[in-house]
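# need a 3D model of the sequence below.
(chains A and B)
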Amino acid sequence: MSGVVGEARGGPLRYGLLSVAAMVILLPLLWLALASLRPQAEIFRPAVEFGWATFIPSRITLANYAALVRGDFPRAVLNSTIVATATVIAGVLVNSLAGFAFAVFEFRGRTLLFALVIASFMMPFEAIVIPLYLLVNAAGMTDTYAALVLPEVASGVVIFLFRQFFAGLPRDFYEAARVDGASWFTIWWRIALPLSWPTVATSCLMLFLVQWDSFFWPVVAASGPDHTVVQVAIARNVNFEQSDWGGLFASTNLAVLLAMIPFLLLQRFYVGSLVSAGIK
Amino acid sequence: MLRSRGVHWWFLAPALAGLAIFRLLPILIALVGSLFGVSIRGDVRFVGLDNFVVLFTDPEFWASVRVTLLFNVIINPLQLFVALGLALLVRPPGRGIIAFRTVLVLPMSVSTALSAILFGLFLEKNMGPMNGLLEWIGIGAQPFYRDMYQALPTLIGVATWKGAGYWMLFLLAGLYAIPESVNEAAAIDGASRWQRFRHVTWPLMKRPMAFVLVVDTIANFLFFAPVYILTSGGPAGSTNLLMFQAYQAAFTHFDPGRALAISTVILFIILVFVAIEFRMFRPAEGS
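Have a look, this model is predicted:
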């Protein structure tokens, strides 16, 4: 009887396979993190003679990180922070407004407009990067924060998540508030939005990840040093014949950690939303 | 539903304006712009379908189409297979499973560009630890993304490292939707583990798997950052994916007509898949 019960506990095979998968994911990240703590000259050397020393540094130093302060990296972190924060705040407001309208109001063309919203999130942004560049360039907006932020604010998937949440709230809620004389804007801001905090958390992470993951768009739309975001700044410094390995390792590792921390804090909301978005 | 007397437009306007300007308008620009050309003197003129004629008679374009198709034919089933395996592994509750699940989705937070840089270092030909390991176990060092036969498989591996956990989540949602009782009933009836997978799980998972396959294909047709960072389309054109072709046409050769023609081709392919995805999309009620 190796039935369902045995499966639920999980045999050694299951944990063996999971451990292999976890190793494949963690080993490169761990190696990067540990190597970034090595002195500049030793970053790669132990890799050649494979062994524990390939991963575990013999001497730990923060020199690579200290050196980053002098380069263009702090500016890139600042740019990314500005762009991500602006996108997340504007995105939550704009998309929850639209989601609220789709959930609460009855109006002509609602079904068609909502279908367009859904179609828009199935169409990835990268597909239109080049025509969008021509548009933004013609408007004289290249190399601005606006060029990085504005295209990512309206998001079909975030509108969809808010609509799903607001449509699930009991009707009486809105009606009672209307009877009390509250404006629709007040109802959205004071009642609906605070209640939707798990959706807000998911949306923040989604908007952040989209902005953080985008590469093609910032490479072409904001190539000047004043608006370079982290992932582009690091990619510019990738040169496999270079000498500043320390800087590359430290900046890459910092960039990985910068996104991983909010991800780990918010991922359970995100995972929950994906599951309940209900793809069956 | 409540009557709104026009107030809904105030709620919708910012988001709809954003989608119209930054999603819809660029599609129109691609379609219309692909019918125009820029002469050497810099003036823009209508050329009809000339950009497409030039594109479709260009062997480099077809080579890029071939690489893109090869890439997609391998990567999409592979990612689906890996994601399904991972989903099946983390589906039953157990000690430490939540921790494993968290590790499996961790690469979602490593941006595509950073994952390419990370593996650029990890798989470095002369100094990377992967080749240290391969030397140590006697296989010998490999060139990975520096070799015309290994570059595409390397990119596929990097993309799968980054993406498998994300796709796993969708399949996990599908597995959770299968009632526990169905599996238990089959077990009581004496069905082996394989039989239960084959006759219970597999048929019920067809829909989520098809969904992942379609969405994954859309994403992978637009694969760009790792090509830009690691291979620049090489060696010998072996990783010259369509998106990189479009980038080069626009920003290396400054040929917007060609770039928009390639964009239009990509858009057309994507729209076919979006239409399929749209028909499959059925949001759960009330959640």
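# any idea of the pLDDT on the residue of the stretch 51-200 of chain A found nearest chain B?
The minimum distance from the stretch 51-200 of chain A to chain B, using Cβ to the nearest Cβ, falls at residue A:154 (2.7 Å). Any C-beta I mention is one placed from the backbone N, CA and C, and that applies to glycine too. With respect to pLDDT, residue A:154 scores 94.
# and the nearest residue to it once chain neighbours are set aside, what does it touch?
The shortest distance from residue A:154 to any non-neighbouring residue, by Cβ to Cβ, 6 or more residues apart in numbering or on different chains, is to residue B:18 (2.7 Å). The contact partners of residue B:18, by Cβ atoms under 8 Å, 6 or more residues apart in numbering or on different chains, come to A:94, A:150, A:151, A:153, A:154.
# out of these, which are inside helices?
A:94, A:150, A:151, A:153 (DSSP state H).
# contacts only, for the last one.
Taking Cβ under 8 Å, 6+ apart as the contact definition, residue A:153 lies against A:87, A:90, A:91, A:94, A:95, B:18.
# which SSE is residue 142 in?
Picking chain A for this. For residue A:142, there is no host helix or strand (DSSP states H and E).
# now residue B:127, nearest residue through space, not along the chain?
Residue B:127 sits nearest to residue A:44 (Cβ to Cβ, 6+ apart), 3.7 Å away.
# next, count neighbours for the one you found.
19 (other Cβ atoms under 10 Å in any protein chain shown).
# sketch out the low-pLDDT regions of the stretch 151-280 of chain A for me.
Scanning the stretch 151-280 of chain A for pLDDT under 70 picks out A:239-243, A:273-280.
# could you pull out the helices for it?
Counting by DSSP state H, counting those that start in this stretch, one finds helices in the stretch 151-280 of chain A at the ranges A:156-168, A:171-179, A:184-186, A:193-195, A:197-213, A:216-221, A:230-237, A:245-276.
# what's the local residue count around residue A:15?
Neighbour count for residue A:15, taken as other Cβ under 10 Å: 17.
# show the contacting residues for residue B:158.
For residue B:158, the contact set (Cβ under 8 Å, 6+ apart) comprises B:115, B:116, B:119, B:226, B:230.
# of these, just say which sits nearest to residue B:262.
Closest to residue B:262 out of the contacts of residue B:158 is residue B:226 (18.8 Å), distances taken as Cβ to Cβ.
# which residues does that closest one contact?
Residues near residue B:226 by Cβ under 8 Å, 6+ apart: B:112, B:113, B:115, B:116, B:155, B:158, B:159.
# let's see 6 Å
By Cβ atoms under 6 Å, 6 or more residues apart in numbering or on different chains, the contact list for residue B:226 reads B:116, B:155, B:158.
# kindly report the residues of the stretch 51-200 of chain B close to chain A.
B:89, B:92, B:94, B:100, B:103, B:109-114, B:117-118, B:122, B:127, B:129, B:132-133, B:136, B:169-170, B:173, B:177, B:183-184, B:187 (Cβ under 6 Å from any Cβ of the partner chain).
# filter those down to the buried ones, ChimeraX style.
Applied in ChimeraX, the following selects the buried portion of these according to 16 or more other Cβ atoms under 10 Å in any protein chain shown:
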select /B:89,92,94,100,103,109,110,111,112,113,114,117,118,122,127,129,132,133,169,170,173,177,183,187
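# which members of the residues of the stretch 51-200 of chain B next to chain A occur in helices, if any?
B:89, B:100, B:103, B:112-114, B:117-118, B:122, B:129, B:132-133, B:136, B:169-170, B:173, B:183-184, B:187.
# per-residue confidence averaged over the helix or strand hosting residue B:16?
Using DSSP H and E, residue B:16 maps to helix B:8-19. Mean pLDDT, helix B:8-19: 92.
# give me the phi and psi for residue A:105.
phi -90, psi 150 (degrees, to the nearest 10).
# and it, how many residues sit next to it?
By other Cβ under 10 Å, the residues close to residue A:105 number 20.
# residues touching residue 77, list them.
If you meant another chain, say so; for now it's chain A. Per Cβ under 6 Å, 6+ apart, neighbours of residue A:77: residue A:230.
# hmm, I had chain B in mind actually
Residues near residue B:77 by Cβ under 6 Å, 6+ apart: none.
# look up how far chain A lies from it.
According to Cβ to the nearest Cβ, to the nearest Å, residue B:77 and chain A sit 18 Å apart.
# in what helix or strand does that residue lie?
Using DSSP H and E, residue B:77 sits in helix B:59-90.
# buried residues, that helix. List them.
For helix B:59-90, the buried set under the neighbour-count rule, 16+ other Cβ under 10 Å, comprises B:61, B:64-65, B:67-68, B:71-72, B:75-76, B:78-80, B:82-84, B:86-90.
# what does the stretch 101-250 of chain A have sitting close to chain B?
Counting by Cβ under 6 Å from any Cβ, the positions of the stretch 101-250 of chain A adjacent to chain B are A:101, A:104-107, A:119-120, A:122-124, A:126-128, A:130-132, A:135, A:151, A:153-154, A:159, A:168, A:184, A:212-213, A:215-216, A:231, A:234-235, A:238.
# filter those residues to the buried ones?
Buried residues within these, counting neighbours by 16+ other Cβ under 10 Å: A:101, A:104-105, A:107, A:119-120, A:122-123, A:126-128, A:130-132, A:135, A:151, A:153-154, A:159, A:184, A:212-213, A:215-216, A:231, A:234-235, A:238.
# from the chain's centre, how far out does stretch A:22-38 sit?
Centroid separation for stretch A:22-38 versus its chain: 21 Å, with Cα atoms, centre = their mean, to the nearest Å.
# residue 195: neighbouring residues, count only.
Just going to use chain A. Per other Cβ under 10 Å, the neighbour tally for residue A:195 reads 14.
# please go with chain B instead
Other residues within reach of residue B:195, judged by other Cβ under 10 Å, total 13.
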